[in-house]
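Participant: How does the following fold in three dimensions:
(chains A, B, C, D, E and F)
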4 protein chains.
Amino acid sequence: MRKDKNTLILNAAIKIFAEKGYQYATIAEIAKEAAVSKGLIHFYFESKLDLMLSVILSFLEHVNEINAKKLIGSISPVDSLKAVFETFQELLFKDSDNLYKGKILNEGLPEVDKIKSKVLKNKKAAIDEQNRKLFDTIDKLIHEGQKASLLNRNLKPEIIRQILGGSSQFLTTGMYLHPFGKGGLGYNKRDVKKAMNMLIDSFRAAK
Amino acid sequence: MRKDKNTLILNAAIKIFAEKGYQYATIAEIAKEAAVSKGLIHFYFESKLDLMLSVILSFLEHVNEINAKKLIGSISPVDSLKAVFETFQELLFKDSDNLYKGKILNEGLPEVDKIKSKVLKNKKAAIDEQNRKLFDTIDKLIHEGQKASLLNRNLKPEIIRQILGGSSQFLTTGMYLHPFGKGGLGYNKRDVKKAMNMLIDSFRAAK
Amino acid sequence: MRKDKNTLILNAAIKIFAEKGYQYATIAEIAKEAAVSKGLIHFYFESKLDLMLSVILSFLEHVNEINAKKLIGSISPVDSLKAVFETFQELLFKDSDNLYKGKILNEGLPEVDKIKSKVLKNKKAAIDEQNRKLFDTIDKLIHEGQKASLLNRNLKPEIIRQILGGSSQFLTTGMYLHPFGKGGLGYNKRDVKKAMNMLIDSFRAAK
Amino acid sequence: MRKDKNTLILNAAIKIFAEKGYQYATIAEIAKEAAVSKGLIHFYFESKLDLMLSVILSFLEHVNEINAKKLIGSISPVDSLKAVFETFQELLFKDSDNLYKGKILNEGLPEVDKIKSKVLKNKKAAIDEQNRKLFDTIDKLIHEGQKASLLNRNLKPEIIRQILGGSSQFLTTGMYLHPFGKGGLGYNKRDVKKAMNMLIDSFRAAK
DNA sequence: GATGAATGAGCTTTCATTCAT
DNA sequence: AATGAATGAAAGCTCATTCAT
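Facilitator: Below is the predicted model:
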């Protein structure tokens, strides 16, 4: 089953955006990577910015979709929280394409300010919605956990969320490390999962 | 005592780089902000990239300098660790210029790959050295703490470092929050300090 | 009886060319207007230029055809001249499609230089022929009028032709007016006819 | 006395715009004609459109300036009208640069709709003002002439203006003629002046 | 030291045209 | 006859960098 051109371009974009950064990535290079003409990219995507927003949107949709499935059962808020961050690790560690998406997610957001066209405004709205969904999921779980005295009430939920989010992202994308010539991460997927679970457990309310 | 032109340009660059991002910042705009001609910027700095590396380098030197002073006494590894991350918060929260530097630090790193000229290679080497110094400080403290059974030995030092670094950065720069229209951070400098200390304490070895 | 596709495309082209101008009109838009695929346009017309030349040619053929019928009887050269320019006004004022053609006629001519292909050279030759026919008709009538002492001999026929042509075109297309925000023309079809007749009468030889 | 680069570019633009038409003219070609880099054109002019508007504006300013001087004395409306159109002929026949301007004036106006930027809106406003000044001059003279029973009252002033304008333009730019392979105009500057004066005289009120 | 006019490589985007289906 | 995905040349514009003054 052949991938359609749309997906082909999207995957090439993920790779090039992540390798070069949004600004340094060129349509020409993405086209070359996808083995497609420059024109075709603009046939499927309104602009370079549209292309990047499409990458981000598809990733967030994927994350929320998986979360929705995972959180159906009646597990505790703390376990749910673990599950949510596990989703991140799973997706980001699954293959390099997804690892790339984590970087793009981080880098692409400032670009969103430049949105002018109607189509892109709609796409941004869709991204915002997916983001809000993700944040709401996390914040609600933290809040529930605190209400049920399962999580430490001494920290504001926003603080906890930032700690978990920052740790998750740095652990998976290896930020801090890469540019300074240190080779690999020095740890693996399993280590990350364990660390995140311990981290969440550390926020449990003292008995 | 008037600031010399070099510093004038550096400060303008910090502001514009942080506001627009490295790529979208233009020499023209930095020149305007510094009330200086475009030509003069290239008189003091070899290139745009040189300018950004100079910003990063000066920040890291500042951080290491402060750390060196703080860690002279014979405090425990855990308290030292707290002191190091406190340095970050202090610098980054001190004024908006330094907060900006946090963002630049994050964003500028991919650019480093493009370094070609000899002068810039030297500058990169200087940055790497300052970075290694910072990392070594952190890693050594974690290692000492684990050896002295003050810190949990179940987690690799790299993991702990990434968690502390990620949390610190997300808490101070508000990443995750900004692009999605949520207004302020919802917490303040004091909250961050408390949270980082609790976080470090959570890695203490169970008795 | 359904219009055939060829005519359908031609009419769509007239509308879009006139609204947007030749250069700004796109094949895609013409195709949409004609409710036809882009590919089909190139099935019926060799190129965009061919399409415009076809519009011009069909208009000139129409003008000459009508003139031929009108000038069969033995009316005076002056009345014939009036009839010829009346044809213009009639066609151009008849409906907006024809008014459009007047604009295209004016705008399209510089494009003719770009003709390269054999097919288009033939089409250009056909246009030239129709044009020559129209000019010859006008010039001959002026010349006859002058010879019969019905028209002022102080003005060269070319001069008279340019005055009549320029007046006719400016009166019908409203050139000069449109771009400066003045609303309608301020006069109607009847006014134009009267003015053109008076203008032609003004060239009558003084007794 | 060397022409400054601004004027150099403006003159190159006049030539290329007139030869190729606004749309077909390229910045690269204008730059080559001016023996200047592409970048410099955008240093002096905001955009290609700005460049053309600048050409039109400078021409209209020139026309109105000359008219203002000519109409200071207390000559009759009819003679004033002759003087105004004489200005056109003088400017347009003076040299090929000015003849070109006549064509650009005609062709460039539809582009004005595309104006978006603030700078260009100001430029458009300036053009509109110069145009209104020109139209007001013409319309006022026609109106005065009719009021003083010097000009035929059977024709609306707008009609007379269009006839004079259209004739003037067609006579000077040779529209109608050029594209059909007929060589020169077949008449000269003197013929045009005589014809325009006769035309204006033909609108005199019958005694 | 300081200026800013001048350069030119490089980018995104448009769109007529082609061709497999 | 008809479609529309795919192509690629060409264009306007940006901006770091240079250099005469």
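Participant: check contacts around the residue lying closest to A:Leu57 once chain neighbours are set aside.
Facilitator: On the basis of C-beta to C-beta, 6 or more residues apart in numbering or on different chains, the spatially nearest residue to A:Leu57 that is not a chain neighbour turns out to be A:Ile127, at 5.2 Å. Quick note: C-beta positions are derived from backbone N, CA and C, even for glycine. If you count contacts by C-beta atoms under 8 Å, 6 or more residues apart in numbering or on different chains, A:Ile127 has them with A:Leu53, A:Ile56, A:Leu57, A:Leu60, A:Val112.
Participant: Nearest to chain B among those residues?
Facilitator: When the contacts of A:Ile127 are compared for distance to chain B (C-beta to the nearest C-beta), A:Val112 comes out closest, at 6.0 Å.
Participant: Wasn't that closest one part of a strand?
Facilitator: No - assigned with DSSP: H, G, I helix; E, B strand; the rest coil, A:Val112 falls outside any strand and is helix.
Participant: Is it correct that it is in contact with A:Lys123?
Facilitator: No - here A:Val112 lies out of contact with A:Lys123, judged by C-beta atoms under 8 Å, at a distance of 9.5 Å.
Participant: in chain A, what residue is nearest chain C?
Facilitator: Shortest chain A-to-chain C distance, computed as C-beta to the nearest C-beta: residue-wise this is A:Phe43, at 11.4 Å.
Participant: Please report how far that residue lies from chain B.
Facilitator: Between A:Phe43 and chain B the computed distance is 26 Å (C-beta to the nearest C-beta, to the nearest Å).
Participant: Not counting the helix or strand containing that residue itself, show me its contacts.
Facilitator: A:Phe43 belongs to helix A:38-44 when assigned by DSSP states H and E. If you take C-beta under 8 Å, 6+ apart as the criterion, helix A:38-44 is touched by A:Lys5, A:Asn6, A:Ile9, A:Ile27, A:Ala28, A:Ile30, A:Ala31, A:Ala34, A:Leu51.
Participant: Could you check the pLDDT of the fourth one?
Facilitator: Just to be clear, that refers to A:Ile27. For A:Ile27, the model assigns a pLDDT of 95.
Participant: now swap in the second one and tell me
Facilitator: For A:Asn6, the model assigns a pLDDT of 93.
Participant: Quickly check: the helix or strand hosting A:Gln89 near chain B or not.
Facilitator: Following DSSP H and E, one finds A:Gln89 within helix A:77-94. No - when contact is scored as C-beta under 8 Å from any C-beta of the partner chain, no part of helix A:77-94 falls within range of chain B; the minimum is 12.1 Å.
Participant: domains for chain A, by residue range?
Facilitator: A:1-45, A:47-202 (automatic domain parsing).
Participant: lowest-confidence stretch among those domains?
Facilitator: Mean pLDDT per stretch puts domain A:47-202 lowest among the domains of chain A, at a mean of 83.
Participant: Straight-line length of it, end to end?
Facilitator: Distance between the two ends of domain A:47-202: 45 Å, counting by C-alpha to C-alpha, to the nearest Å.
Participant: distance between that domain and the chain's centre?
Facilitator: Taking the mean of its C-alpha atoms, domain A:47-202 sits 5 Å from the chain's own mean (C-alpha atoms, centre = their mean, to the nearest Å).
Participant: what about it and DNA strand F, any contact?
Facilitator: No - counting by C-beta under 7 Å from any atom of the strand, no contacts exist between domain A:47-202 and DNA strand F, the nearest distance being 11.2 Å.
Participant: And the nearest residue to A:Lys123 once chain neighbours are set aside, how close does it get to A:Asn122?
Facilitator: Of all residues beyond its chain neighbours, the one nearest A:Lys123 is A:Leu53 (4.8 Å), with distances taken as C-beta to C-beta, 6+ apart. When C-beta to C-beta, to the nearest Å is applied, the distance between A:Leu53 and A:Asn122 equals 10 Å.
Participant: circling back: just list the residues touching the residue nearest to A:Lys123, thanks.
Facilitator: Contact analysis of A:Leu53 by C-beta under 8 Å, 6+ apart lists A:Gly108, A:Val112, A:Leu120, A:Lys123, A:Lys124, A:Ile127.
Participant: export these to a markdown table and tack on secondary structure?
Facilitator: Output for the contacts of A:Leu53, formatted as a markdown table (three-state DSSP):
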| residue | secondary structure |
| --- | --- |
| A:Gly108 | helix |
| A:Val112 | helix |
| A:Leu120 | helix |
| A:Lys123 | helix |
| A:Lys124 | helix |
| A:Ile127 | helix |
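Participant: which of those has the most neighbours?
Facilitator: Neighbour counts for the contacts of A:Leu53 were taken using other C-beta atoms under 10 Å in any protein chain shown; the highest belongs to A:Ile127, which has 22 neighbours.
Participant: Next one: that residue from A:Asp136, what distance?
Facilitator: Between A:Ile127 and A:Asp136 the distance, using C-beta to C-beta, works out to 15 Å.
Participant: go on, A:Gln130?
Facilitator: Taking C-beta to C-beta as the measure, A:Gln130 falls 11 Å from A:Asp136.
Participant: Neighbour count: those two, which is higher?
Facilitator: Remark: of A:Gln130 and A:Asp136, A:Gln130 carries more neighbours, 20 against 10, as counted by other C-beta under 10 Å.
Participant: so where does the more buried one fall, helix or strand?
Facilitator: Assigned by DSSP H and E, A:Gln130 belongs to helix A:118-147.
Participant: That helix near DNA strand E at all?
Facilitator: No - using C-beta under 7 Å from any atom of the strand, helix A:118-147 stays clear of DNA strand E, coming no nearer than 9.9 Å.
Participant: What's the first helix or strand after that helix?
Facilitator: helix A:157-173.
Participant: can you give me the angle that following helix makes with helix A:118-147?
Facilitator: Angle, helix A:157-173 to helix A:118-147, by axes from the mean of the first three to the mean of the last three C-alpha atoms, to 10 degrees: 110 degrees.
Participant: Now do the helix or strand following helix A:157-173 against helix A:118-147: the angle between them, please.
Facilitator: As assigned by DSSP H and E, the chain's next helix or strand after helix A:157-173 is helix A:189-202. Orientation check (the same axes, to 10 degrees): helix A:189-202 against helix A:118-147 gives 60 degrees.
Participant: what angle sits between helix A:189-202 and helix A:77-94?
Facilitator: Using the same axes, to 10 degrees, one finds that helix A:189-202 and helix A:77-94 are set 160 degrees apart in direction.
Participant: coming back round to it: quick one: the residue nearest to A:Lys123 is in a helix?
Facilitator: Yes - assessed with three-state DSSP, A:Leu53 lies in a helix.
Participant: one step back: looking at the contacts of A:Ile127, which is nearest A:Lys194?
Facilitator: In terms of C-beta to C-beta, no member of the contacts of A:Ile127 lies closer to A:Lys194 than A:Leu60, at 25.9 Å.
Participant: Not counting sequence-adjacent ones, nearest residue to the closest one?
Facilitator: Closest residue to A:Leu60 in three dimensions, ignoring its sequence neighbours and counting by C-beta to C-beta, 6+ apart: A:Gln130, at 3.8 Å.
Participant: My read is that that neighbour contacts A:Glu61, right?
Facilitator: Yes - A:Gln130 is in contact with A:Glu61 according to C-beta under 8 Å; the separation is 5.8 Å.
Participant: Stretch A:43-62 near DNA strand E at all?
Facilitator: Yes - contact between stretch A:43-62 and DNA strand E is present through A:Phe43, A:Ser47, A:Lys48, A:Leu49 (criterion: C-beta under 7 Å from any atom of the strand).
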